[in-house]
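K.L.:
Have a look at this prediction, sequence included:
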Amino acid sequence: MEFKYKTQSELAKMTPEELDQYATDKSEFEQKQSDEKIKTALDQFKKDLEAEAKTGKEAAEKEINQLKADLEAQGKQINKLMERGPEGNVNESIDKSFLDVYKQHTNEGEDLQSNKQLKITVKDVASSDVMSVNTVSSSDFPADGTTGVVTSGMYGMWAKFLGFFGILPNKSKIMDLISIEPLTEASIYAINTTVIGTAEITTECKLKPVVKLEFEDQKADAEPVAAMWFTTTKLRRFFKNLAFKFRETFGMLVTNKIPEAALTAIRNGASAFTPNPLFNINANPDNYEALGAAIASIQMAGGSVNGIILSPIAYRNMKQSKNANGTYNLSNGGSITIVDGGIGWNGVNLPVVLDETLGADEFIVGDFSIVKGGVDTELIYMETDGRVDAGTSATTGLGRNIRTHVIEQFCAFLVPKAVKSHLVRDTFANVKTLITPGE
């Protein structure tokens, strides 16, 4: 019996047994329909493959038959050429065929076959009609020269840009030796202590020494290292890379200038060399001995030395100076030698920092860790639509489409007065004079 779907009302009247049977019949019916659809699809797919294979076979047979026909035609042509016998060989027949075709398309066939000289006419061309990259003058090319067609704009379009190149002010290496902390306040502050009196070994009932401690405030205000520049609206709108380059370059000017503030604080806060007659041992002291005397004076004051700052010129002159015999002073077996970028002293290789900002005869030596500095972690950038200038009209500002840019960074440095003797800043000439024995 053919299966028929029931309506909802018909299903409601059926018993549970009838519903189970209906569900079974429905499942079998739907499975049968699915199998028939799959079989129909497979049969159609098979027919499509057979039709496609038949079409491909017919096309291949047609192509093969065409190749056979072409080969037969070529064979007949070759046979005709070979049958010429004494009249000429194959190559001559081919040559004649070419000449016959050429004769049909030119009026010079007879001249070619009779070996007559051909006249070839060349039309004159004005040299100025020749297009070249650059205009060539008549001195390098006949007549009026050539016409250059590549414009300066085209050169710019096809030029390879290598970047911006320039020299910024040198950045001192002093920041590698001093103590730096983030600047979070408007100033940095230190208290210098001085011990008055000293302890002594005392015998029984002897009056003990009186000691006391004195204090002195020392402060350095945070000041900005700043730079200011101006740009127009057009430059910022259409040359954004340049506007960014300005900000990047002038920002480097600011950061490179901060070490100079530290050097200024060191120059102002360090001690000059303190002479001692016991240093006067050679009649003609050199720069090595000058540094040695400065180091010894710091150690005599209870300090230590962790570095030396020299200009590249002073370093070179020390390393390559010669004595009267023409040999380098470094090979003289002195107590001070320059090795591995440092100066050996008492078994310690003191690092030498080359600083282009120092004078050629200037040096700084000592314990640089006593120098205290604060540098703001933020590089502040600001811009405004201009400023109001004196006079009846503004020379810059929004009215003229000129914007003012400012970039700055705050810093502060100080050398505590209580330990300034542990840092010596002087010149070689002055120290050598002070350690030269008198008459």
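P.N.:
That came through fine.

K.L.:
Assign a three-state SS to the nearest residue to Leu434 once chain neighbours are set aside, would you?
P.N.:
Take Leu434 and drop its neighbours on the chain: the residue closest to it by C-beta to C-beta, 6 or more residues apart in numbering is Pro275, 4.2 Å away. C-beta here means a position set from N, CA and C on the backbone, and glycine is covered the same way. Here Pro275 is recorded as coil under DSSP: H, G, I helix; E, B strand; the rest coil.

K.L.:
What about Pro275? Give its phi and psi, please.
P.N.:
phi -70, psi 150 (degrees, to the nearest 10).

K.L.:
what's around it, how many residues?
P.N.:
15 (other C-beta atoms under 10 Å).

K.L.:
Assess the claim that it and Thr436 are in contact.
P.N.:
No. At 10.2 Å, Pro275 and Thr436 do not qualify as touching, with contact defined as C-beta atoms under 8 Å.

K.L.:
any idea how far the residue nearest to Leu434 lies from Ala294?
P.N.:
Taking C-beta to C-beta, to the nearest Å as the measure, Pro275 falls 11 Å from Ala294.

K.L.:
what's the answer for Glu61, then?
P.N.:
Note on Glu61: its distance to Ala294, by C-beta to C-beta, is 106 Å.

K.L.:
These two: which has the busier surroundings?
P.N.:
Of the pair Glu61 and Ala294, Ala294 is the one with more neighbours under other C-beta under 10 Å, namely 27 against 10.

K.L.:
and the longest strand anywhere in the chain, how far out from the chain's middle?
P.N.:
Looking across the chain with DSSP state E, the single longest strand is strand 402-414. The chain centroid and the centroid of strand 402-414 are separated by 25 Å under C-alpha atoms, centre = their mean, to the nearest Å.

K.L.:
now stretch 266-275
P.N.:
Using C-alpha atoms, centre = their mean, the offset of stretch 266-275 from its chain centre is 40 Å.

K.L.:
what does that stretch rub up against?
P.N.:
With contact meaning C-beta atoms under 8 Å, 6 or more residues apart in numbering, stretch 266-275 is reached by 174, 178, 293-294, 297, 301, 364, 366, 368, 371, 413-415, 417, 420-421, 423-426, 430-431, 434-435.

K.L.:
show me the contacts for Lys62.
P.N.:
With C-beta under 8 Å, 6+ apart as the criterion, no residue contacts Lys62.

K.L.:
buried subset of the contacts of stretch 266-275?
P.N.:
Buried by 16 or more other C-beta atoms under 10 Å: 174, 178, 293-294, 297, 364, 366, 368, 371, 413-415, 420-421, 423-426, 431, 434-435, out of the contacts of stretch 266-275.
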